[in-house]
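Asks: Would you be able to build a 3D model of this:
(3 chains)
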Amino acid sequence: MVMDKGLSIREAEDMVSISGDFVDFVKFGFGTSVITKSLKEKIAVYRQANIRPYLGGTLFEVFIIRGMYNEFRKLIDDLGLDLVEISDGTMPMAHSDKCKYINEMSKQVTVISEVGSKLADVEIPNDKWIAMMKAELDAGSWKVIAEARESGNIGIYKSDHSANTDLIDGITHNVKNDNVIWEAPIKSQQAWFIKLLGANVNLGNIAPTEVISLETLRLGLRGDTFFQFLPKK
Amino acid sequence: MVMDKGLSIREAEDMVSISGDFVDFVKFGFGTSVITKSLKEKIAVYRQANIRPYLGGTLFEVFIIRGMYNEFRKLIDDLGLDLVEISDGTMPMAHSDKCKYINEMSKQVTVISEVGSKLADVEIPNDKWIAMMKAELDAGSWKVIAEARESGNIGIYKSDHSANTDLIDGITHNVKNDNVIWEAPIKSQQAWFIKLLGANVNLGNIAPTEVISLETLRLGLRGDTFFQFLPKK
Amino acid sequence: MVMDKGLSIREAEDMVSISGDFVDFVKFGFGTSVITKSLKEKIAVYRQANIRPYLGGTLFEVFIIRGMYNEFRKLIDDLGLDLVEISDGTMPMAHSDKCKYINEMSKQVTVISEVGSKLADVEIPNDKWIAMMKAELDAGSWKVIAEARESGNIGIYKSDHSANTDLIDGITHNVKNDNVIWEAPIKSQQAWFIKLLGANVNLGNIAPTEVISLETLRLGLRGDTFFQFLPKK
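Replies: Below you'll find the model as predicted:
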């Protein structure tokens, strides 16, 4: 999952031309989609490359906090999107409400939901993280995203960008691996997850310019994972 | 104010196509304009988008230290620019000389002048900063820029990129807000100024790829300023 | 020497259009070339601009550790490249073997070889660095590269990105300056080498977007080297 936070149409075409085969989803980061000219044209560029674009979860929260849930659902329809992200990383939200949104919207489109706060001072206990992920999958989420922001220093990471291993351990032992997308904007984080969970681990918040580099990590074509994927003697 | 430090023509077109509506000025960073092929063509790209391009202040100093003030003025004319930046961040310059340059050039074009040193070991006392800004506005500067470099760790910021609040406080209480452009290359700095001075604060040294992200901060469409711009109940 | 780690064809054209005059070589970083669509087309873009492209040394090691030296040589031929990098930064390799590869391949194409480990915990004593560089030049290397990775915090730099001055001193006093390419991905490192060894020092691992900025450093058109290149009075 790549984060597009303001590519021009031509830059989106460029990304697709070189990296399209390695990308499943493109997230229009936070509320950037609202001020993107020719958004429908950009959506078409991604679709033609078999990439599913969707609106960043913060935009969902922007609508919810203004009491505009129906307007949000209409926007998804107007844009012809088939995928939506539901998150509560910025605003407080009862988890039962979040699950209700997930449940309702999962009848309209595919839902990805995100667990974790964007705020450094909001600590969610590990068992609550896991319980939330399970409840959201039960409510209708296709996959759950583990929060790290674009900066990669929160949620599943510590402030120095290293992995919060206790939390990640808890998740991997309690939630099906294929159901989790790990935000991993920094190379060391990507390599760490590839070593832990294998070449095909779901990673998110990848910068458009880093897709090819990440793919070399997955294939053992870069120093960081060079010894991971050698043929068995 | 966006810093262009070497975009190709097509990249400039890309930036304008997606971000042009949110940009007032483009600065050709330091002396990059001298070695930019097709500079006039790039200037035309920006002008067509109603963006005013200008030469970075370091280039002014490059000419001054070689005794080539007249050649600099001729260059501005040759390029058909209507905006110039006058700074003394790199070379020592009597402030009376700087004000004379400002005064003279303000009869030729619009002048922006920059206050602050690019050197970490040059400390300008706060009251001197403010006095310089006022004197330069009096001498003919349209706006004054508060220095931070591309790296955002000097002048109005501390070495850890956090705001030098005493200095900024002094400036905001003594210089008209609309007359100041704050260099703010880092997201946390942009959010900090938007919270302090509002959505329309003048910010500078924005990377071309960050214009859209910055605009979402101004509109409350990103976590960092999510609660700043909610409609009053 | 610029590192291309996944530019699209159009982005390569953009880089060439604005920065081509200042670039001698483009390295396809680590194993990115293997998964680059239209690689031959990209090679043609660089060649037309009189830039010599080559495959990153890690890819050489990817082939060697799989016992596929001949396949590597065939790949170079198939791509029509005239330059190759031989390194041992990721895998252990007897230095006599490395020199044999250099010697053999230097009969096929121009060889650049790289000295230094990509691993933070592998310390090569300074005298061994110098001896290796000399031996590789003797074996047929046209130039030797001093390792720093894309991150610039290893080999000739300390973990805080500052220069490992003892090692660099040893190299400059024992190896002909023109025979060394210093990896210098960070601006402060580029400025440091320009001040030490002059405007024309060979620098490597330059990001495509930083070529113009680096050139202004070489010309004294940026604060960091402003006083280096003033005309003598």
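
Asks: Could you identify the helix or strand that succeeds the longest helix along chain A?
Replies: Using DSSP state H, we find that the single longest helix of chain A is helix A:126-139. Sequence order places strand A:143-146 as the next helix or strand after helix A:126-139, per DSSP states H and E.

Asks: That following strand - which strands sit beside it in the sheet, and in what orientation?
Replies: In the sheet containing strand A:143-146, the strands it pairs with under DSSP bridges are strand A:110-115 (parallel), strand A:180-183 (parallel).

Asks: what does the longest one contact?
Replies: Contacts to strand A:110-115, defined as CB atoms under 8 Å, 6 or more residues apart in numbering or on different chains, come from residues A:52, A:54, A:57, A:82-89, A:98, A:102, A:105, A:124, A:129, A:132-133, A:136, A:140-147, A:181. In this view, the C-beta of every residue, glycine as well, is placed from N, C-alpha and C.

Asks: Now do the helix or strand harbouring A:Leu75: which elements does it pack against?
Replies: Following DSSP H and E, the helix or strand that holds A:Leu75 is helix A:69-79. Contacts defined by 3 or more CB pairs under 8 Å, 6 or more residues apart in numbering or on different chains; DSSP states H and E place helix A:69-79 against helix A:39-48, strand A:52-55, helix A:57-65.

Asks: can I get these in CSV with distance to chain B?
Replies: Formatted as CSV, the entries for the helices and strands packed on helix A:69-79 read as follows, by distance: least, CB to the nearest CB, whole Å:
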stretch, distance to chain B
helix A:39-48, 9
strand A:52-55, 11
helix A:57-65, 6
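
Asks: Could you export those as CSV, including mean pLDDT, mean neighbour count and distance to chain C?
Replies: What follows is the helices and strands packed on helix A:69-79, written out as CSV (pLDDT from 0 to 100; neighbours: other CB atoms under 10 Å in any protein chain shown; distance: least, CB to the nearest CB, whole Å):
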stretch, mean pLDDT, mean neighbour count, distance to chain C
helix A:39-48, 98, 17, 13
strand A:52-55, 98, 23, 19
helix A:57-65, 97, 22, 27
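
Asks: so which of the ones you listed gets nearest B:Val23?
Replies: Comparing these by their distance to B:Val23 (CB to CB), the top pick is helix A:39-48, with 19.1 Å.

Asks: quick revisit: filter the contacts of strand A:110-115 to the buried ones?
Replies: Of the members of the contacts of strand A:110-115, the ones counted as buried by neighbours, 16 or more other CB atoms under 10 Å in any protein chain shown, are A:52, A:54, A:57, A:83-89, A:98, A:102, A:105, A:124, A:129, A:132-133, A:136, A:140-141, A:143-147, A:181.

Asks: Report the contact partners of A:Ile43.
Replies: The neighbourhood of A:Ile43, defined by CB under 8 Å, 6+ apart, consists of A:Pro53, A:Leu79, A:Gly80, A:Leu81.

Asks: Can you name the residues of chain A sitting close to chain B?
Replies: Taking CB under 8 Å from any CB of the partner chain as the measure of proximity, chain A contacts chain B at A:5-11, A:29-32, A:34-37, A:58-59, A:61-62, A:65-66, A:89-91, A:118-119, A:149.

Asks: Could you identify the buried members of the residues you listed?
Replies: When neighbours are counted using 16+ other CB under 10 Å, the residues of chain A next to chain B contain these buried positions: A:5-11, A:29-32, A:34-36, A:58-59, A:61-62, A:65, A:89-91, A:118, A:149.
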